[in-house]
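J.: compute the structure for the input listed below.
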Amino acid sequence: MKPSARTSSPHRPRLLTLLVALVPLLGGCSSGPGGAATGERAGPLAVPVTVAKVVAKDVPIQIRAIGNVQPYSSVTVKSQVKGQVAEVHFEEGQRVAHGDLLFTIDPRPFEAALRQAEANLARDLAEANNAKVEAGRRERLLAQGFVSRDEYDQAQTQAVSLEAAVRADRAAVENAKLELQYCYIRSLIDGRVGQILVHAGNIVKDNDTTLAVINQIRPVYVSFSVPEQDLPEIHRRATEQTLAVQAFIGKDEADPVAGDLSFIDNTVDTTTGTILLKGRFKNEDEALWPGQFVDVALILGVHRNAVVIPAAAVQTGQEGLYVFVVGSDMVATTKPVVVGASVGADIIVEQGLQPNETVVTDGQVRLAPNMKVEIKDAAAPSTPNSVPSA
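T.: Predicted structure coming up:
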């Protein structure tokens, strides 16, 4: 009789024993990192952020604009006589003072013209003196009846004519002297001369060719335009005191050049809706250069104890502007804020914050309310940029 198919295999007990031994090993493989069970989750990671302290300080009430540096005065140097440039007496870019010799036009033709005019004067002066003596003699002879009235009149006319010629000769001498002086071209202002446009040896015409340009840059003007809406406030403040103007060269906000508002144009530009203003700067160190573009701040007053934060801390949400504030528990929460004027890289907060609170300035993209944060430089949290005083 054949054995049944259900008969137990002699290997089955050994297989069951192996499965029982593997059960503890499978349970161990289900553990999480560090031996913790899979069901136990690790805590949320802190978001790295950069922060700054809210500060209270005096900040200027200002209007910002882009300005252009202009010379206080500018002189185009030309020759007032025709001739050859004999000598150039300065270096390009040199500082010159009033009265310094710049160019010499060949003076020899003008010296000769002066000598000729002086000779004509001497000749006519001698003839005029002789005619005057002759007229006096004829007058005495007329009284004695030895000459006719016509001869007397002719002598008087000759004397008057030669006297007029002498006056004309004197004027010619003065003109010749003046033209000789024009051969020596001098600076009319203190300033800095530009490049030499005509070199020695060239022939120039009178009042035609520009020889050089001198710009006075001590002091100097900075012109800028502001919206016409600001004009009433500027006028009001300007009547109370002289308004300060600051010029910022490049990105240096910490060391502006100081000046005063010196000019408000008498009309608004209808094409742009702006009005032209000028600030006057002493510019003793010549930091400002004609043609240069600078950032300009017109200081209208001072906002005392203003609450200031970096502008980068302010975020825009569906309900308006807000900032992330970090508490002592290193948890970030949101606070709505009302902001005022910008002051360089900072901004004035009119409502919503108090001094010494800590706001997030970078890292808001990964941040949500009530999340833990990690300050990148906890030992020395950043503070807002310093604001130039009025």
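
J.: from here on, contacts and neighbour counts on C-alpha atoms
T.: Noted.

J.: show me where the stretch 51-200 of the chain has strands.
T.: 55-78, 83-88, 95-96, 101-105, 184-186, 191-193 (DSSP state E, counting those that start in this stretch).

J.: between the ones you listed, which one is nearest to Val302?
T.: strand 55-78 (4.3 Å; CA to CA).

J.: pLDDT below threshold where in this structure?
T.: Low-confidence segments of the chain (pLDDT under 70): 1-44, 377-390.

J.: middle-most residue in it, spatially?
T.: Val294 (2.8 Å; CA atoms, centre = their mean).

J.: thinking again about what came up before, make a markdown table out of the strands of the stretch 51-200 of the chain and add mean neighbour count and distance to Pro369.
T.: Formatted as a markdown table, the strands of the stretch 51-200 of the chain follow (neighbours: other CA atoms under 10 Å; distance: least, CA to CA, whole Å):
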| stretch | mean neighbour count | distance to Pro369 |
| --- | --- | --- |
| strand 55-78 | 19 | 23 |
| strand 83-88 | 18 | 74 |
| strand 95-96 | 19 | 63 |
| strand 101-105 | 22 | 73 |
| strand 184-186 | 19 | 74 |
| strand 191-193 | 23 | 61 |
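
J.: now these in JSON lines, with distance to Glu151?
T.: Supplementary listing: the strands of the stretch 51-200 of the chain in JSON lines, determined by distance: least, CA to CA, whole Å:
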{"stretch": "strand 55-78", "distance to Glu151": "54"}
{"stretch": "strand 83-88", "distance to Glu151": "49"}
{"stretch": "strand 95-96", "distance to Glu151": "64"}
{"stretch": "strand 101-105", "distance to Glu151": "51"}
{"stretch": "strand 184-186", "distance to Glu151": "51"}
{"stretch": "strand 191-193", "distance to Glu151": "65"}
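
J.: domain parsing for this structure?
T.: 49-59+305-375, 62-71+214-302, 107-182 (automatic domain parsing).

J.: with respect to Gly194, which of those lies nearest?
T.: Between the domains of the chain, domain 62-71+214-302 lies closest to Gly194; by CA to CA that is 6.2 Å.

J.: burial check on Val268, number of neighbours?
T.: 16 (other CA atoms under 10 Å).

J.: would you say it is within a helix?
T.: No: checked against DSSP: H, G, I helix; E, B strand; the rest coil, Val268 lies outside a helix; its state is strand.

J.: quickly list what it is bridged to.
T.: Applying DSSP bridges to Val268 gives these bridge partners: Ile275.

J.: surely it is in contact with Glu228?
T.: Yes: Val268 is within contact range of Glu228, at 6.9 Å (criterion: CA atoms under 8 Å).

J.: overlap of the contact sets of those two?
T.: Here Val268 and Glu228 have Thr274, Ile275 as joint contacts, going by CA atoms under 8 Å, 6 or more residues apart in numbering.

J.: who does the residue nearest to the centre of the chain bridge with?
T.: Applying DSSP bridges, one finds that Val294 bridges with Gly67.
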